[in-house]
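A.B. asks: just coords:
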């Protein structure tokens, strides 16, 4: 398990990409590699199960990862503003 705890600025930096890799999922969810791959597969299956969308191999939309973990970007932006 990834025990490194990210602050608001670091989370926003990772979340600034349109696509999420397994490494991004590991960072955002504080999970290990195997769990990150499982989460990526779960998100991809939910998005691409009907085969009507073009699949980006190894990547999933960052917005879906943020939804999966319940990460509120507006809250993080507010926290970052308060601390600066």
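C.D. replies: Looks like it arrived, so ask away. Since we're looking at a predicted model, the values are computed, not measured.

A.B. asks: Okay, buried residues for the one helix or strand residue 38 maps to please.
C.D. replies: Taking DSSP states H and E as the criterion, the element that holds residue 38 is helix 33-48. Burial within helix 33-48, assessed by neighbour count using 16 or more other CB atoms under 10 Å, is assigned to 35, 36, 39, 40, 43, 44. Placement of C-beta: from N, CA and C, glycine included.

A.B. asks: Where does the residue nearest to the spatial centre of the chain sit: helix, strand or coil?
C.D. replies: The centroid of the chain falls nearest to residue 65 when counting by CA atoms, centre = their mean (3.7 Å). In terms of secondary structure, residue 65 is helix; the call rests on DSSP: H, G, I helix; E, B strand; the rest coil.

A.B. asks: thought it was touching residue 43?
C.D. replies: Yes - the pair residue 65 and residue 43 passes the contact test of CB atoms under 8 Å, sitting 6.7 Å apart.
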